[in-house]
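Asks: Task: produce atomic coordinates for the following.
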Amino acid sequence: MTPERSVFAFSPVEEVKNDPSAMISMLFNHPKKTVFQRLLPLVAGAVFLIMQACSSTSKLPPAQTTSDFYQKYKNEAGFKGTSVPVGLVSRLVARGVTDTTVRAALANISSIRTLTFTPTDKKSQRLLERELTQELDQVLQRENYTAIPLLDTTPGALQFRMRQSNNEVQELVGYRKYGNNFTMVQVNGRFTQQQIEQMLRKLDPDALLPLLD
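Replies: Below you'll find the predicted structure:
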């Protein structure tokens, strides 16, 4: 007959507590595979995040405004950011303009900036193809820029959007991704919508770009 186990018999944990050699044995003979299996998802996740960070085309967070967008990219490889002397451009353009509405719009310009981009490697090519215009589109949608109907429907024509406050246009943004290039023109000032529309009808933006570069 098998003797009954005493209720006071030591459990394995108690045996370990009372036997230092058993504690050492458990410490060093603990199955390492189980520990590795537990850590594997964490290690894999960390590696994935590192790879994502290394493959990102920009270390900076997404731009929140058009000014953020300009400042973010103006010094990056392949980009060229230019602040244009307003007075010089206004005088050069106004020479051949007799329309009083357009001349008034030119006089109300406070700043002009251009941002151009040509990829220099595969990484920046991905930026042009997948991210750049999408990021700017999100900024324009978030800030409630109003789309201006295309006056020029030829491929590669600049798309224009304007930001208004109290029926006053404060900013005009033109941009395009065409071929292997990206261009953005940012014009700030105080205009009426009529002035903006008339200015875009009378002036050829592509003819002005060499003056802005």
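
Asks: Residue 191 versus residue 107, what's the distance?
Replies: Computed as CB to CB, to the nearest Å, the residue 107 to residue 191 distance reads 10 Å. The way it works is simple: take the backbone N, C-alpha and C, and place the C-beta from them, glycine included.

Asks: Between those two, point out the one with more neighbours.
Replies: Using other CB atoms under 10 Å, the more surrounded residue of residue 107 and residue 191 is residue 191, with 25 against 12.

Asks: Quickly list the domain ranges of this structure.
Replies: Per the record, the chain has its domains at 12-55, 66-212, by automatic domain parsing.

Asks: Tell me where this protein has strands.
Replies: Using DSSP state E, the strands found in the chain span residues 79-84, 109-117, 146-148, 159-165, 168-178, 181-191.

Asks: could these go into JSON lines alongside mean pLDDT and distance to residue 64?
Replies: Converted to JSON lines, these look like this (pLDDT from 0 to 100; distance: least, CB to CB, whole Å):
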{"stretch": "strand 79-84", "mean pLDDT": "94", "distance to residue 64": "18"}
{"stretch": "strand 109-117", "mean pLDDT": "96", "distance to residue 64": "16"}
{"stretch": "strand 146-148", "mean pLDDT": "92", "distance to residue 64": "19"}
{"stretch": "strand 159-165", "mean pLDDT": "95", "distance to residue 64": "14"}
{"stretch": "strand 168-178", "mean pLDDT": "95", "distance to residue 64": "14"}
{"stretch": "strand 181-191", "mean pLDDT": "96", "distance to residue 64": "15"}
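
Asks: what's the weakest-modelled helix or strand in this structure?
Replies: Lowest on mean pLDDT, DSSP states H and E among the helices and strands of the chain sits helix 32-55, with a mean of 46.

Asks: ok now stretch 162-174, how far from the chain's centre?
Replies: In terms of CA atoms, centre = their mean, to the nearest Å, the centre of stretch 162-174 is found 22 Å from the chain centre.

Asks: no, scratch that, I was asking about stretch 102-120
Replies: In terms of CA atoms, centre = their mean, the centre of stretch 102-120 is found 21 Å from the chain centre.

Asks: now swap in stretch 80-98 and tell me
Replies: Stretch 80-98 has its C-alpha centroid displaced from the chain centroid by 29 Å (CA atoms, centre = their mean).

Asks: Among the strands of the chain, which comes closest to residue 205?
Replies: Using CB to CB as the measure, strand 168-178 is the one of the strands of the chain that comes nearest residue 205, at 5.9 Å.

Asks: So which bits of that closest one are buried?
Replies: Neighbour counts using 16 or more other CB atoms under 10 Å place 169, 171, 172, 173, 174, 175, 176, 177 of strand 168-178 among the buried residues.

Asks: so what's residue 186 up against?
Replies: Contact partners of residue 186, counting by CB atoms under 8 Å, 6 or more residues apart in numbering, are 66, 70, 111, 112, 113, 114, 115, 171, 172, 173.

Asks: Can you say which of the residues you listed are buried?
Replies: Using 16+ other CB under 10 Å as the burial test, the contacts of residue 186 include 66, 70, 112, 113, 114, 115, 171, 172, 173 as buried.

Asks: on that earlier part again, for the buried residues of strand 168-178, which one is nearest residue 80?
Replies: Closest approach to residue 80 among the buried residues of strand 168-178 (CB to CB): residue 175, at 14.6 Å.
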